[in-house]
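*Asks:* Sequence and predicted structure, then a few things I'm wondering about:
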Amino acid sequence: MVLLAPTTQSKVATEAGAEVETEGGRAVGSGGSDEVLALLRGDPGERPRFDPGLAGGLRAWLEDAASALVLARGENAPPLYLGPRRLFGASLDTAVSAHLSMECITSCLVRVLFRQLVTAGTVGDPLTDALAALRVDPWRQEVVTHISGCSSPARAALAESLANHVEHLRGLTPEFAPGWLPRTNDRVAIPLAGGRVVLHGVFDLLVGVPVTGVASLCAIGLTTGGSWDAARRALDYVVLLELLRSGTPPFRVALLHSGLGRVVVDDVVEAEVGAMVSQVAGRLYAMAASGE
């Protein structure tokens, strides 16, 4: 794996085995989960501070947009729940239940195995372990039924694909000490317009101890395929939700690509959070104008 630093605020790691061309990038050494952990940790003395009024100002912007959408939908309309797929048409990773393609099924299974790897530190037979976890999840029984009905060659291909994803995740996923408080599948919901519009999203992994007034969390997203840009936008979206929830966003985010064995680590800056708010507000106004 080659570790790259394309800018002072962005670091890239890959298991491709050769240098990866990135704009302004340079190779800085071989990497692994330990180096990914070091990138996530950074220098504790240089954690950014965000304007304490930032969250309130951004929420007010979104409240105006949500109010316009509520007015357009009518007072009797039910609450509208908006995640990254509904807002942006995000990657297949956020739309597992949309249709049971093999890509979506793989995404669902890999996410289960990622959570197991983080919490238990090990994965046995990937397909067996993933199915065992899904059998106790009432929201994923359709996936279990579909896999049970697959032919032997299809199950073998799926098992081989999962083994490849897990191998990459083993190489990239750090072992977090208990003090990092790793929590997987962390759900965030932000009600707007009196709860008539609810923005929601999920962190695949959130680590760190919340500290008032200081950005102290790291957010890790996982993508198994599809558009890298869409996956990153979905991660930026939940970063915004965390800012609205706690008053401070994560100070650093990482996006893991389990299919390629690639991870990108970036600092969170106010300008990027503001850009995401602009996108969300613009989408709410567009939905109001179109009658969605």
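*Replies:* Arrived safely.
*Asks:* can you pull the buried residues of stretch 179-199?
*Replies:* Buried positions in stretch 179-199, judged by neighbour count with 16 or more other Cβ atoms under 10 Å: 180, 182, 184, 186, 188, 190, 192-193, 196-199. Backbone N, C-alpha and C define where each C-beta goes, glycine included.
*Asks:* Relative to Arg73, which of the residues you listed is nearest.
*Replies:* Within those, the smallest distance to Arg73 is 8.0 Å, found for Arg196 (Cβ to Cβ).
*Asks:* In contact with that closest one, which residues are there?
*Replies:* Residues near Arg196 by Cβ atoms under 8 Å, 6 or more residues apart in numbering: 66, 70, 77, 79-80.
*Asks:* related to what we said a few turns ago, looking at the buried residues of stretch 179-199, which two lie furthest apart in space?
*Replies:* Trp180 and Arg196, at 36.7 Å, using Cβ to Cβ across these.
*Asks:* Could you look up the next helix or strand downstream of the worst-scoring helix or strand of the chain on mean pLDDT?
*Replies:* The weakest-scoring helix or strand in the chain, judged by mean pLDDT, DSSP states H and E, is strand 27-30 (a mean of 33). Following strand 27-30 in sequence order, the next helix or strand is helix 33-41 (DSSP states H and E).
*Asks:* one step back: nearest to Leu222, out of the buried residues of stretch 179-199: which one, please.
*Replies:* Leu222 lies nearest to Thr184 out of the buried residues of stretch 179-199, by Cβ to Cβ, at 9.8 Å.
*Asks:* quick revisit: from the buried residues of stretch 179-199, which has minimum pLDDT?
*Replies:* Minimum pLDDT for the buried residues of stretch 179-199 is recorded at Trp180 (90).
*Asks:* For the closest residue to that one other than its chain neighbours, give the beta-bridge partners.
*Replies:* Nearest residue to Trp180, sequence neighbours excluded (Cβ to Cβ, 6 or more residues apart in numbering): Val207, at 4.4 Å. Going by DSSP bridges, Val207 is paired in beta bridges with Cys218.
*Asks:* mind starting the numbering at 95 from now?
*Replies:* Yep, numbering from 95; the last one is Val301 now.
*Asks:* didn't Val301 look like it was pressed against Pro276?
*Replies:* Yes - Val301 lies in contact with Pro276 (Cβ atoms under 8 Å); the separation is 4.8 Å.
*Asks:* Identify the contacts common to these two.
*Replies:* Taking Cβ under 8 Å, 6+ apart as the contact rule, Val301 and Pro276 both touch Phe270.
*Asks:* Leaving out sequence neighbours, find the closest residue to Asp330.
*Replies:* Met370 (5.0 Å).
*Asks:* wait, the one you found sits on Leu335?
*Replies:* No - counting by Cβ under 8 Å, Met370 does not reach Leu335; the two are 9.6 Å apart.
*Asks:* got the residue ranges for the strands in the stretch 245-386 of the chain?
*Replies:* Using DSSP state E, counting those that start in this stretch, the strands found in the stretch 245-386 of the chain span residues 277-286, 291-301, 312-317, 346-351, 356-361.
*Asks:* Is it possible to mark the buried ones in the contacts of Arg290?
*Replies:* Those of the contacts of Arg290 that meet the buried threshold are 160, 164, 174, by 16+ other Cβ under 10 Å.
*Asks:* Tell me the confidence at Glu109?
*Replies:* As predicted, Glu109 sits at a pLDDT of 45.
*Asks:* Next up, the contacts around Ser161.
*Replies:* Ser161 sits next to Ala287 when contact means Cβ under 8 Å, 6+ apart.
*Asks:* which phi and psi does it have?
*Replies:* Backbone torsions of Ser161, given as degrees, to the nearest 10, read phi -60, psi -40.
*Asks:* Pipe the contacts of Arg290 into CSV and attach distance to Cys202 and pLDDT per row.
*Replies:* Below are the contacts of Arg290 laid out as CSV (distance: Cβ to Cβ, whole Å; pLDDT from 0 to 100):
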residue, distance to Cys202, pLDDT
Ala160, 30, 97
Val164, 33, 96
Ala171, 31, 93
Pro173, 26, 95
Leu174, 25, 96
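*Asks:* from the buried ones among the contacts of Arg290, which single one is nearest Ser352?
*Replies:* Nearest member of these to Ser352, counting by Cβ to Cβ, is Leu174, at 31.8 Å.
*Asks:* excluding its backbone neighbours, what's nearest the residue nearest the centre of the chain?
*Replies:* Most central in the chain under Cα atoms, centre = their mean is Gly315, positioned 3.1 Å from the mean C-alpha point. Excluding the flanking residues, the one nearest Gly315 by Cβ to Cβ, 6+ apart is Leu329, at 3.8 Å.
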